[in-house]
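Trainee: Pasting the sequence and the predicted model now:
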Amino acid sequence: MQSQDVAPHPAPSATDPVVDVDQAEAALVEHYPRLVRLAYLVLPPTLGRGRRVLTAHALTQRALPRGRTATPVIPAQSTGRDGDPGYAFVRLRVLRTALAAGLPPWRRGWPRRAQLPPVLPQVWGLRLFPRSGGAHELALDQQLSALSGPARAAYVLRGLEKLPDGDVRQVLTAAGVSDVDAALRAADEVPAQYRLLDSPEFDACSLQARPTDLMRRRQHTKAALAAGAALVVCGALLGLPGEGWGPDGAAAPVYAQNPATEAALDPGRLVKVSPTAWRTSARTDFSVWPARGDLTGDTALLRRALAVWARPGKTVQVSATPGTASGGPSGPPQLLYAGTVGNARLVIFYDGLRIARYAEPKAGTQGAALDFARVDGAGRAEASAMVLDRADGNVRYLTAPWVTKVAARDLMKPGSGAMDLGLTDGVTAPLASPALRGGTCTSWNVLQLTDGRGTWLLTDLGELVPARLTAGRPGSAKDASGAEAQRTWAPYACSLGAMRSAGVRSVNAWAYAEQPLPDASGSAAWVCTRAETWRGGGERVLAQFHTPGGRYGAVAAKAEHVTACGARDPQVLAGVLWKSAAGSWYLLAAGSRDTESIRTTGGVEASVQGHLLAERAKQGAQAVLKGTLEDGRSISGLR
């Protein structure tokens, strides 16, 4: 991390507006979540996510003045905060103390209060940290961690507070930054992904809670009682050093050394499968993957990876797909990969339920990461590839031993050919990842895999395991490798962006209806895309509408945690307001083939026998859809 230079802050001038305690308190209470987010983003990442959360709250709560004070007003450039001297004052106090927290403790004599662990708030027995975001948020957090405190502050003031550079310069100067120009230049090196600053990844007010190290806490309690007894008897406290693990890298201190724990953390007991085991095994999943990579014999690396998995330290970035446990292995896991990829050393394990990927930089000791993905019940296609690494907008995959050919294909161009990626010891060449791309969606690259039995498509959705793409009626859907399936997917490929980082196992596209359009405008297609998850909940459903000549489908309705468009209940009903070429507005609705009738109430009153409805409507009209299935059941339209 770069060093930062924060000078003593300038004294307020006589012309600055006066802020009293009540005014500052009102601003702090009203904008507390934003001020805590600002502090969390500016605080040094070396504190660890848990301490950053508590410190951000402590600094914000200590931002009130002791009495009336003067402050320079720098507009907040956001509704409700413009020109508010109370908000400008507390924001400046929060920023100043957050910058001070990043200074070396003994740089100028005794450490400042902001540099010490917060006295309040305190949380006992729990670890608190923000919810994990996607790959973009993780990449931005890593880029910000490489900046100095003033440079991070400049980036956050630009993006979170929407301040122009002139006002950013004023705020940083008032906060005591001595070299503002250097801070602005350093902030320029990070891409301007300001919308990500509003992500839950950086929200220190919406938190996840996990227990602290329970075994270690129990041992500490016993140790404290024993120490108290010794103090009473002997009148002195004697501390005996623990054995420790020494070469465990970024792992937290050891909390248990029982036989089961030691077996799970012993590199010598790792399960390594024969390269030909998959040929005779009754199972074709991750359990028959051989260990690959150039570092499978590096015992020190494997020990560090296992230790961090069991006891991730404060500096380790841990992420897990929804519904995936992040605890240590219950026994010796299976080694899938250990090798050097780019600027990192990677180790990938499988414990029968999860994939765990450990990454550490080749140079230095900062920046270890631990990622988990749930993969229980994976079949031959779903266990055919996993993400090895992502860098510079590209993704590289590690493939199953039964995969014989790997190619890249643009899902939006079904008529184009597939580009051969090649394989080196099961590792593919880099492929541009749609999950890492921002801006307008003009293409969607997918991975096309082939073995002795067939071909299937996988797509990167920002997680360790890519999602399988299928097409067809739920319950009888097939892999989307055929020409017709790819034509079905083409207009809706970009909608896969809505499925990112949700623990998605597979996504199916079902063309459930074709509807003649009024005013002789041709026929429109109705397609339902449904994402199934590894955890069996949190399904995402999009009903989409595509008119002739359009490049993209339009999302007409969406829902989560529903059975619609799934194998359990293959039915759907959705509607959309559509304007014809003649300028007339219509309410169009379509249900699956087993829809016997449709009726609409509210802004449009109509009913029809069959699974298609087209009724004149006014622009902006809102209607409620109801349908009746052939078996007599009533269904509601997706909203």
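Mentor: Yep, it's here.

Trainee: switch to C-alpha atoms for all contacts and neighbour counts from now on
Mentor: OK.

Trainee: Nearest the middle, which residue of the protein would you pick?
Mentor: Nearest to the mean C-alpha position of the chain, counting by CA atoms, centre = their mean, stands Gly134 at 2.1 Å.

Trainee: residues near the closest residue to it other than its chain neighbours, how many?
Mentor: Nearest residue to Gly134, sequence neighbours excluded (CA to CA, 6 or more residues apart in numbering): Ser501, at 5.7 Å. With neighbours defined by other CA atoms under 10 Å, the count for Ser501 comes to 20.

Trainee: tell me the SS of Ser501?
Mentor: Following DSSP: H, G, I helix; E, B strand; the rest coil, we place Ser501 in the coil state.

Trainee: Name the spans of the stretch 151-300 of the chain whose pLDDT lies under the cut-off.
Mentor: 209-261 (pLDDT under 70).

Trainee: I'd say the residue nearest to the centre of the chain and Ala498 touch.
Mentor: No: Gly134 is beyond contact range of Ala498, at 11.8 Å (criterion: CA atoms under 8 Å).

Trainee: before we move on, which element is Leu54 in?
Mentor: Using DSSP states H and E, Leu54 sits in helix 49-61.

Trainee: For stretch 595-609, which outside residues touch it?
Mentor: Stretch 595-609 is contacted by residues 571, 587, 610-613, 615, 617, 621-630 when judged by CA atoms under 8 Å, 6 or more residues apart in numbering.

Trainee: and the gap between Glu262 and Ser274?
Mentor: Distance of Glu262 to Ser274, computed by CA to CA, to the nearest Å: 24 Å.

Trainee: Between the two, which has more neighbouring residues?
Mentor: Glu262 (14 against 11).

Trainee: tell me the SS of that one?
Mentor: Note that with three-state DSSP, the state of Glu262 is helix.

Trainee: just the strands in the stretch 501-639 of the chain please.
Mentor: 504-516, 523-533, 540-546, 554-560, 573-579, 585-591, 595-602, 606-609, 612-616, 623-629, 634-636 (DSSP state E, counting those that start in this stretch).

Trainee: so of these, which one's packed in deepest?
Mentor: Of all the strands of the stretch 501-639 of the chain, strand 540-546 has the most neighbours on average by mean count of other CA atoms under 10 Å, namely a mean of 26.

Trainee: Tell me where the stretch 1-150 of the chain is predicted with low confidence.
Mentor: 1-20, 66-83, 104-125, 127, 129, 132-133.

Trainee: what ranges do the helices span in it?
Mentor: For the stretch 1-150 of the chain, applying DSSP state H, counting those that start in this stretch gives helices covering 21-30, 32-42, 49-61, 85-101, 135-145, 149-159.

Trainee: Could I get those helices in a markdown table, plus columns for distance to Glu201 and mean neighbour count?
Mentor: As requested, those are exported to a markdown table (distance: least, CA to CA, whole Å; neighbours: other CA atoms under 10 Å):
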| stretch | distance to Glu201 | mean neighbour count |
| --- | --- | --- |
| helix 21-30 | 22 | 18 |
| helix 32-42 | 10 | 25 |
| helix 49-61 | 10 | 24 |
| helix 85-101 | 18 | 26 |
| helix 135-145 | 7 | 17 |
| helix 149-159 | 14 | 26 |
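
Trainee: closest one to Pro333 among those helices?
Mentor: helix 135-145 (25.9 Å; CA to CA).

Trainee: who's in contact with the closest one?
Mentor: 1, 44-45, 152, 190, 193, 196, 199, 201, 435-436, 462-463, 501.

Trainee: From the chain's centroid, how far away is that helix?
Mentor: 11 Å (CA atoms, centre = their mean, to the nearest Å).

Trainee: what's the answer for stretch 346-353, then?
Mentor: Taking CA atoms, centre = their mean, one finds the center of stretch 346-353 at 20 Å from the center of the full chain.

Trainee: With stretch 391-407 instead?
Mentor: That offset, for stretch 391-407, works out to 21 Å (CA atoms, centre = their mean).

Trainee: and what of stretch 589-604?
Mentor: Worked out by CA atoms, centre = their mean, stretch 589-604 lies 37 Å from the chain centre.

Trainee: What of stretch 155-175?
Mentor: How far stretch 155-175 lies from its chain's middle: 27 Å, per CA atoms, centre = their mean.

Trainee: Ok, stretch 512-523 next?
Mentor: With CA atoms, centre = their mean, you get 39 Å for stretch 512-523.

Trainee: what mean pLDDT would you report for it?
Mentor: Stretch 512-523 comes out with an average pLDDT of 93.

Trainee: Put the alpha carbons of it into PDB.
Mentor: What follows is stretch 512-523 as a C-alpha-only set of coordinates in PDB (Å, rounded to 0.1, in the frame of the first residue of the first chain):
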ATOM      1  CA  TYR A 512     -43.300 -20.800 -24.700                       C
ATOM      2  CA  ALA A 513     -45.400 -18.800 -27.200                       C
ATOM      3  CA  GLU A 514     -45.400 -17.000 -30.600                       C
ATOM      4  CA  GLN A 515     -47.900 -14.200 -31.000                       C
ATOM      5  CA  PRO A 516     -49.200 -12.500 -34.100                       C
ATOM      6  CA  LEU A 517     -48.900  -8.700 -33.700                       C
ATOM      7  CA  PRO A 518     -51.700  -6.300 -34.400                       C
ATOM      8  CA  ASP A 519     -51.600  -3.900 -37.400                       C
ATOM      9  CA  ALA A 520     -49.900  -6.700 -39.500                       C
ATOM     10  CA  SER A 521     -46.600  -6.100 -37.700                       C
ATOM     11  CA  GLY A 522     -45.400  -9.700 -37.900                       C
ATOM     12  CA  SER A 523     -45.000 -12.200 -35.000                       C
END
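
Trainee: Need the residues that contact that stretch.
Mentor: Applying CA under 8 Å, 6+ apart, the external contacts of stretch 512-523 come out as 473, 524-528, 547-548, 580-582, 590-593, 612, 614.

Trainee: Look at Ser199 and say how many residues are nearby.
Mentor: 15.

Trainee: For the closest residue to Ala378 other than its chain neighbours, what are phi and psi?
Mentor: The shortest distance from Ala378 to any non-neighbouring residue, by CA to CA, 6+ apart, is to Asp285 (6.1 Å). Main-chain torsions, Asp285, degrees, to the nearest 10: phi -140, psi -160.

Trainee: tell me the contacts of Asp285?
Mentor: Asp285 is in contact with Ala378, Gly379, Arg380, Glu382, Ala383, Ser384, counting by CA under 8 Å, 6+ apart.

Trainee: The same query, at a cut-off of 7 Å, please.
Mentor: Contact analysis of Asp285 by CA atoms under 7 Å, 6 or more residues apart in numbering lists Ala378, Gly379, Arg380, Ala383.

Trainee: now, the most widely separated pair of those residues?
Mentor: It's Ala378 and Arg380 that sit farthest apart of those, by CA to CA, at 6.9 Å.

Trainee: Give me the neighbour count for Gln366.
Mentor: 14.
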